[in-house]
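Asks: Okay, sequence plus prediction incoming.
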Amino acid sequence: MFSATYPAIFQAETDGKGIFVQFPDLPEALTSGDNLEDSIEQAADCLAEAIAGRIARGEAIPSPSKPKRGQRLVSVPLYLAPKLALYLTMRELKLKNTELARRLGVSETVVRRMLNPKHDTKPENIQAALACLGKRIVITFVDAA
């Protein structure tokens, strides 16, 4: 099971103005905020952009590491999580867009749009694609930190 939640390091800026955030699993994901609340919001946006960039470039996406003491968990935004699941499944199966399109009975353009982080795709369509590949999305609820 893949958890779309990544550990992040939140550190006070050296000048004392704001909080710097970095993701050990995604070295390109760096951001900061004016305060903790802003930094948490910025971290979620930063994580989404790092994941979206890797999907767009066809790059590997590492599994989240176990959080270490002092790290906060940041979840991949809900709009991106199903696309990430489909992308990871296709990479795992070494499946090309054209093959998934054939299995679904749609054009390759439809699959490309499903994987495009900037394209608004109905979750049901991604859910159907995942089911076709033997996967399903499970949603869990946990207490907020």
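Replies: Structure received.
Asks: Sort out which residues of stretch 86-97 are buried, please.
Replies: By neighbour count on 16 or more other C-beta atoms under 10 Å, the buried set for stretch 86-97 is 86, 87, 88, 89, 90, 97. Backbone N, C-alpha and C define where each C-beta goes, glycine included.
Asks: quick one: which of the residues you listed is nearest to residue 111?
Replies: Taking C-beta to C-beta as the measure, residue 111 sits nearest to residue 97 out of the buried residues of stretch 86-97, at 4.4 Å.
Asks: Now for the closest residue to the closest one other than its chain neighbours, how many residues are close by?
Replies: The spatial neighbour of residue 97 that comes closest, neighbours along the chain excluded (C-beta to C-beta, 6 or more residues apart in numbering), is residue 111 at 4.4 Å. When neighbours are defined as other C-beta atoms under 10 Å, residue 111 has 24 of them.
Asks: Verify the stated contact: residue 111 with residue 102.
Replies: No - with contact defined as C-beta atoms under 8 Å, residue 111 does not count as touching residue 102 (9.6 Å).
Asks: Scan the chain for its longest helix.
Replies: helix 36-57 (DSSP state H).
Asks: And that helix, what's buried?
Replies: In helix 36-57, counting by 16+ other C-beta under 10 Å, buried: 39-40, 42-44, 46-52, 54-55.
Asks: And the strands in the protein?
Replies: Using DSSP state E, the strands of the chain run over 5-12, 19-23, 26-33, 72-75.
Asks: And the residue nearest the centre of this protein?
Replies: Nearest to the geometric centre of the chain sits residue 76, at 4.4 Å (C-alpha atoms, centre = their mean).
Asks: Name the nearest residue to it, ignoring sequence neighbours.
Replies: Closest to residue 76 by C-beta to C-beta, 6+ apart is residue 4, at 3.9 Å.
Asks: Good, we can wrap up now.
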